[in-house]
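Visitor: whatever this is, show me its structure:
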Amino acid sequence: MTEHRVGTREEWLDARNSLLEREKELTRRGDELSRERRELPWVRVEKEYTFETEDGQKTLAELFDGRSQLLVYNFMFGPDYTAGCPVCSSGADTYSGAVEHLRARDVTFLCISRAPLEKLQAYKHRMGWRFPWVSSHESDFNFDFGASYTREELAPRLEGNLGPVPGLAAECGTDPAGYLSEGPVFSAFALEDGIVYHTYSTSARGLEFMLGYYTFLDRAPKGRDEGDPPEMWIHRHDEYEDAKIASR
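Guide: Numbering: from 1, shown residues only. Down below sits the predicted model:
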C-alpha cells in the first residue's frame, strides 16, 4: 500500500490549482530574471583566442559562424581524459537537436574542451552527437573564463571530502586532480562591429537547465529520488544496464 497521501479527484484539483498559482509566479519570476540577464553590462574580449575546429584554426569571432550571438558550453574533457565527463555527456545528448533552432534565432551554439580535437571527434562519434565541438588545447580561453584550473589552484579542494569525484575521475581515465582541473561553464557572447563581448556566464546549479532529464524527473511521482547525500547515478547513455543489454 502506498505511503503517500491519497485523496479524491476534487481534493487533487483544489491542491493542483493552488500549486498552479505558485508555478505561474515562478514562470513570471523566470521571465524577469531572463530580462535581467540581458541587461548585464557587456565586457569587451580583448585577448585573441584561437581554437582547433573541423574546418581548421579559428578565432573566437570566427566561431560565431556569421551570426551575432554565440553560446558556449565548456564541456569537461581535459587533455589527459580518455572520455568526456559522464554528467556533461548526459546533458549533451540533447544539444544536437537544439542547434538548428538556435541558428534560426541568430545564435550559434558549440562546446569547447581542452582535449585535442581528434579526441573530441572520436568521442563525439561514439556518442552519436552532431553539435559543433572545438578544442581550446593551445588557448587560455578555459582558464580565463573559469572552466580550467591549475593543480596549484586545486590543492585546497583536494584536501577535503571529494565525494563522487574519484569515481568520476576513473570513468574519465584520470585522477581526481586531473578531473577537477576542468569545470563546466556556460557562457554567452555577442559580436558587434567586429568586436566580441562577453555577456553572461553560469556554472554549478546554474547549469541544471542543460540537464533536460531533471525537468522531467522533477514532475515524476518520486522526483529526482537521488537520496541524501545524493547518489551519483548519472552515466553516459551507452553505459546504463538497459543500453548494454540492448546492444548484445
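
Visitor: when you work out contacts or count neighbours from here on, use the C-alpha atoms and nothing else.
Guide: Will do.

Visitor: now do the helices in the protein.
Guide: Under the criterion DSSP state H, the chain contains helices at 9-38, 60-63, 86-92, 95-103, 117-127, 141-144, 151-158, 165-171, 176-180, 212-217, 241-246.

Visitor: now Ser90. Nearest residue, chain neighbours left out?
Guide: Nearest non-adjacent residue to Ser90, counting by Cα to Cα, 6 or more residues apart in numbering: Arg236, 5.8 Å away.

Visitor: show me where pLDDT drops low in this protein?
Guide: 1-2, 243-248 (pLDDT under 70).

Visitor: surely Pro166 and Gly173 touch.
Guide: No: taking contacts as Cα atoms under 8 Å, Pro166 lies outside contact range of Gly173: 10.5 Å.

Visitor: ok, and what's touching stretch 142-155?
Guide: Identification of contacts with stretch 142-155 by Cα atoms under 8 Å, 6 or more residues apart in numbering yields Asn74, Ser113, Arg114, Ser136, Ala177, Leu180, Ser181, Glu182, Gly183, Pro184, Val185.

Visitor: give me the subset of the residues you listed lying in strands.
Guide: Asn74, Ser113, Val185 (DSSP state E).

Visitor: rewinding a little: give me the neighbour count for the residue nearest to Ser90.
Guide: If you count neighbours by other Cα atoms under 10 Å, Arg236 ends up with 19.

Visitor: contacts only, for it.
Guide: Arg236 neighbours (Cα under 8 Å, 6+ apart): Pro86, Val87, Ser89, Ser90.
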